Each structure stands twice: as C-alpha cells, then as structure tokens.
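> Here is my input, please return the structure:
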Amino acid sequence: MKTFAEFGLEPKVLQAITELGFEESTPIQSKAIPIALTGTDLIGQAQTGTGKTAAFGIPLVNKIPVTEERIVALIMTPTRELAIQVSEEIGKLTRYKGLRSLPIYGGQEIGRQIRSLKKRPQIIIGTPGRLLDHINRKTIKLDDVQTVVLDEADEMLDMGFMEDITSILSLVPENRHTMLFSATMPHNIQRLAQQFLKNPEHVSVIPTQISAPLIEQAYIEVHERQKFDALSRLLDMESPELAIIFGRTKRRVDELSEALQKRGYSADGLHGDLSQNQRDNVMRKFRDGSIDVLVATDVAARGLDVSGVSHVINFDLPQDPESYVHRIGRTGRAGKEGTAWSFVTPREIDHLHFIEKVTRHKIAKKPLPSIAEAIEGKQRVTAERILEFVESDSINEFKAITIQLLEQYDSVNLLAAAIKLITGEKKDISIELTPEDPIRAKKRRPDVRSSGRRFSGGPFGGGNRSGSGPRSSGSRSGDSRGGYGGRSGGSSSYNRSDRDGQGSRGSSQGRSSDTRRSRQSSEDFNRN
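Have a look, this model is predicted:
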C-alpha cells in the first residue's frame, strides 16, 4: 500500500493525517485518492470500515482553497448519524487548513442550521431531505459546488431518496467532480452513475466472502414463545461486554427492552419513534457503559458507530440477507473478533438457508444453553471481575474488614457469598411478548453478488467508523420530513414495507401454527 506522503498532498493536509497516526493508506484509499486528485469522476465500491471516508475526504479537502468562502463541496449521506460522523472526520482533515464543514440533517432545529450556514462553510454534509428543505428555503445555494460525493449510495436509494438526489444534483453545475461510493452495485446504482457521472473510473475492494470473517456466527432453533427465556440464558452464558439485539418492529423493541429491564439486565431500546434527544440519550448510555444491552430495529440502527460491541443477537431474523450482513457487522470490527447469534423458529429454517446461500457462509447450529450453563457463565464473569480487582491497588481500604471476617468465617464460604452477591439473582418474573409471524423464505435472490462487508472500522481503516445501516425499510432516516417517517421507496429486490412499523403484518387470524405449537412447548423448555 502507498503511504499518504506519496500522494503529493498539501503539507497541511498531510500534517493532519500524520497527527491522526496514519502513514499507510488502505486498499480503497490507495486506489481512489490518486484518481480523485485528478478531478476524474469516480465510483468506489467498498464496505464500511475500509477507510472510504478518507478515500473521498482527503482529495476533497486537498483541492479547496483556504480563501474560498462559498459552498464548493457537497457530501450526501443516508442518515443523520453518518452525516455527523463524516463531518467529524472531515473536520479532522481540515484541522490545519482551516476549512469549515457543516452537517445538515433532520431532527435538529433548522434555525440553528441556518445560523451556522451564515458562517460560510465550504463543505456541506447532509441527508437529502433536509438539504432539499434548505434549498427550497434558499438558505443553501449549490451554484458554486465543484465536488459532490454520494456516500453509501445504495443505502440512500434503498431508503427512497432517488427523487431527492436527482433534484439536488440537477441544481449543481454540470462541470462538477462527482464521486459515488457504495457497498453494492445493483442496477439502480449503475443507472444513477450513468445519469450523473462522466466517464467515471471504477475502483473496488471486495472481500471474497460476503459475511465478515472475524465474526463467529451461530443460530439456535427455538419456538417463538421460547425466545425470551433463550435470550436470558444466552446473555447469562455469554456475558457480552456490549450487545445489540435486533427486533423486527418498534413494538418488539419496546416490549423486549422493558422485559430485559424487569429481569435485571441493563438494557434500553432504540427505534424510529424516539425523538432525537431520546435517541441521543440512549446512545450516550450505551457508549459510556451505563447500559450494556441495546435493543434496536434495523432502521433505528442505521449509522450506529459504537466500539467494543462483542455480540449481535438477531432476536428476530431480518427480512433479507443484506440486512443480516449489516446487522452482524456491528461486531467484529477494528480487527477484533465478534459473535453473532440468531434465533430461528422452525418455520424460518428455509429463510435461514436462503441467507446462508446468498452470503456464502454456513451458519452453525448450536444447542440452547441450559440453565446450568447460564449460571456457570454468570459466575465465571463474576470470578473474572474479582480477579481484576485482586491485581489492582484499589482494594487496600477493604483489607481490614476482610481480615476481621476471615477471623470469624471460613474463607471458602466468604468468597462464595461475595460471588453470589456480585453475581446477583435472576428475577423470576414471567415475561410474555407479543408473537411475530415467521419470515418465509424468499423465492428470488437479490442482486448482492458483489456485496461484501469487511467490518474493520475507522475513517482510515482499523478504527471505529459507522457501520452502514441495515437495508431494511422504505422508511427515511435522517429526513427533515419527520425523522424516520414512512415514505416507502428504493429499488430493493424485496418488499420492505413497514419493517420498522408497529407490530406484525397480519391480524391475529394470521398467526402461524408455529406460535400455537410454541405455547405447548413452553413448559418443557423451562425445565431444561
């Protein structure tokens, strides 16, 4: 790979990169940066975590004069989270050059954005819906834009932004420099490129395996009404550092997060009905470790950037293989190993095999953890925590009382009592969730032949950068027309309607026989 010094960058840009601790470029950067520096239109095919933000950000920042006071660069992203993250990364690159970038997205007071626009940023990073709002208000003018970047273009089209993107690009000068980055290259992306890019160069970095190699994948076959107890055992046995649990609907997320709290787990939920402040609060708690379990819908999880996620659990299977790949990519990042578990009802086995076929990865079947294994797992983690304290100096003030206790009681009994106290006792509370209908196997395979997720994180690769959100709904995230509101759209291979909607798609009449069978087996399950 080339070093950044070999690209002939401006000294101030190179200084910023060097102080970030990066010397050698990633494969996508090595291929894309030299082309982008010449002003040639570019199609970059790479997964989240390969360093693609720097692949377009470095040449973009390098070419803008310090004296420029107009909006000359526009970066479009599918979600508000990604807009914020890209803006932060661009800000790091412009540290010494002194350029100004501004994220524009729905969910934030538009008046605040208008005030920030008066400071004359040269670079705008935004979601299509909110960008159009500003354009219509004439608070953003694109007459002087020289560079346009479409980041995660496949996500934007799947979320229904094609019309908005077309409207925005029609207002940008035709002699602009355009860069399009996408994880996959379905036909709608190819048509978009043909319409708006001029003789583009195509560079790609595609792993041979669609699913992430650093992620151990397994599934447990379980009836619908047994899922929650299975989840409790799995969490106890695995004791994840941080876990993201995916539910199919907002109702599922609400019920599941509340049920976990009742059972004594540190959990909270994330879905499209939350306000931006509520969402930010949940994410703050997850990032700082106040909670270690995040329950989320596919739509709400788009653009999440959290380091240290050790486990992803598909409480409900996703609708399609691409969403499966996006979900599990929340773990196994930055070169670290991760674990992805999926709960599969008997009638969803065919759908699981379909996911295996498309992702070209065999998902191992594992037995349901026993109660004994769950207890052992919790005790093991407690013992590890105790040993960590033993090796630290933070226990000196407790030694006097410990000596007194040892003079009165047996050391084994004392330590056993301490382990029991730290481990805590599982609250024996009956939980019943509203059942979801099983997902049937798809008859048709999506165009994901060139898809592949390499989850290694970081704007330069190897750090912790936002994962591309699961492509699971026609809802529009980060849109000024109501956050995650429900305009269906995209050119997806499947019907993605109301994936983040309330409840299951049918009435009680449509409940499957699988649900009825699961009621009969619940008692036997709880004895194991």
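> Quick check: which ranges of the stretch 401-528 of the chain have low pLDDT?
For the stretch 401-528 of the chain, the stretches with pLDDT under 70 are 419-428, 440-528.
> typed the wrong thing, it's the stretch 101-250 of the chain
Along the stretch 101-250 of the chain, the model assigns pLDDT under 70 to residues 206-212.
> For it, which segments count as strands?
For the stretch 101-250 of the chain, applying DSSP state E, counting those that start in this stretch gives strands covering 101-104, 123-126, 147-150, 177-182, 201-205, 215-221, 243-246.
> The stretch 351-500 of the chain too?
Under DSSP E, counting those that start in this stretch, the stretch 351-500 of the chain gives strands at 364-365.
> Out of the strands of the stretch 101-250 of the chain, the one nearest Leu169 is which?
Proximity to Leu169 (CB to CB) singles out strand 147-150 among the strands of the stretch 101-250 of the chain, at 6.8 Å. (Each C-beta comes from the backbone N, C-alpha and C, glycine too.)
> List the contacts of the closest one.
56, 60, 63, 72-76, 156, 165, 169, 172, 176-182, 192 (CB atoms under 8 Å, 6 or more residues apart in numbering).
> now for the strands of the stretch 101-250 of the chain, which one comes closest to Glu391?
Comparison of those against Glu391 by CB to CB identifies strand 243-246 as nearest, at 26.1 Å.
> Could you list every helix and strand in contact with the helix ranked longest in the chain?
Taking DSSP state H as the criterion, the chain has its longest helix at helix 371-390. Taking 3 or more CB pairs under 8 Å, 6 or more residues apart in numbering; DSSP states H and E as contact, the helices and strands that helix 371-390 lies on are helix 227-238, helix 411-423.
> Would you mark the buried spots in it?
371, 373-375, 377-379, 381-382 (16 or more other CB atoms under 10 Å).
> Looking at the strands of the stretch 101-250 of the chain, spot the one closest to Lys357.
So among these, strand 215-221 is nearest, using CB to CB, at 14.2 Å.
> now the angle from the closest one to helix 227-238?
In terms of direction (axes from the mean of the first three to the mean of the last three CA atoms, to 10 degrees), strand 215-221 departs from helix 227-238 by 140 degrees.
> Would you mark the buried spots in the helix or strand containing Arg251?
Per DSSP states H and E, Arg251 falls inside helix 250-262. For helix 250-262, burial by neighbour count (16+ other CB under 10 Å) applies to 250-261.
> what's the next secondary structure element after that helix?
Using DSSP H and E, the first helix or strand after helix 250-262 is strand 267-270.
> State the distance from Gly308 to Val282.
Distance, Gly308 to Val282, by CB to CB, to the nearest Å: 16 Å.
> What is the neighbour count of Arg233?
For Arg233, the neighbour count with other CB atoms under 10 Å is 22.
> still on that earlier bit, who wins for proximity to Lys336 among the helices and strands packed on helix 371-390?
Lys336 sits nearest to helix 227-238 of all the helices and strands packed on helix 371-390, at 15.4 Å, using CB to CB.
> Remind me what the closest one packs against, helices and strands.
helix 250-262, strand 311-314, strand 338-344, helix 371-390, helix 513-527.
> Confidence-wise, which of those is weakest overall?
Lowest mean pLDDT of these: helix 513-527, a mean of 43.
> Let me see the ranges of the helices in the stretch 1-150 of the chain.
Secondary structure of the stretch 1-150 of the chain by DSSP state H, counting those that start in this stretch: the helices cover 11-19, 27-37, 52-63, 80-93, 110-117, 128-137.
> With just CA atoms, put the shortest one into CSV.
Going back to what we said before, that points to helix 110-117. Coordinates of each C-alpha in helix 110-117 appear next as CSV, following Å, rounded to 0.1, in the frame of the first residue of the first chain:
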residue,chain,number,x,y,z
ILE,A,110,-33.5,24.2,11.2
GLY,A,111,-33.0,27.7,12.7
ARG,A,112,-29.8,26.6,14.3
GLN,A,113,-28.6,25.2,11.0
ILE,A,114,-29.5,28.5,9.2
ARG,A,115,-27.4,30.4,11.7
SER,A,116,-24.4,28.0,11.2
LEU,A,117,-24.8,28.5,7.4
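> Give me the helices and strands touching that helix, please.
Using 3+ CB pairs under 8 Å, 6+ apart, the elements in contact with helix 110-117 are strand 101-104, helix 128-137.
> what's the spacing between Ile140 and Asp229?
52 Å.
> Same check on His353?
25 Å.
> of these two, who's got more company?
Shown here are His353 and Asp229; by other CB under 10 Å, Asp229 has more neighbours (19 against 14).
> list the contacts for the closest residue to Val293 other than its chain neighbours?
Spatially, and ignoring its direct neighbours in sequence, Val293 is nearest to Ala267 (3.8 Å; CB to CB, 6 or more residues apart in numbering). Listed by CB under 8 Å, 6+ apart, the contact set of Ala267 reads 245, 257, 260-261, 291-295.
> Same check on Gln195?
Counting by CB under 8 Å, 6+ apart, Gln195 touches Thr166.
> 6 Å instead, please
If you count contacts by CB atoms under 6 Å, 6 or more residues apart in numbering, Gln195 has none.
> quick one on the thing from earlier: higher neighbour count, Gly308 and Val282?
In this view Gly308 and Val282 are compared by other CB under 10 Å, and Val282 has more residues nearby, 22 against 17.
> Surely the more buried one touches Asp268?
Yes - the pair formed by Val282 and Asp268 meets the contact definition of CB atoms under 6 Å, at 5.0 Å.
> just to revisit the earlier point, generate TSV for the helices and strands packed on helix 227-238, with distance to Ala300 as supplementary columns.
Formatted as TSV, these follow (distance: least, CB to CB, whole Å):
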stretch	distance to Ala300
helix 250-262	8
strand 311-314	14
strand 338-344	18
helix 371-390	28
helix 513-527	25
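> Out of the ones you listed, which gets nearest to Gln29?
strand 338-344 (24.2 Å).
> in its sheet, what does that closest one sit against?
Strand 338-344 has the following strand partners under DSSP bridges: strand 215-221 (parallel), strand 311-314 (parallel).
> May I see those strands organised as JSON lines, with mean neighbour count added?
Listed next are the strands paired with strand 338-344 as JSON lines, based on neighbours: other CB atoms under 10 Å:
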{"stretch": "strand 215-221", "mean neighbour count": "19"}
{"stretch": "strand 311-314", "mean neighbour count": "25"}
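> Good, wrapping up.
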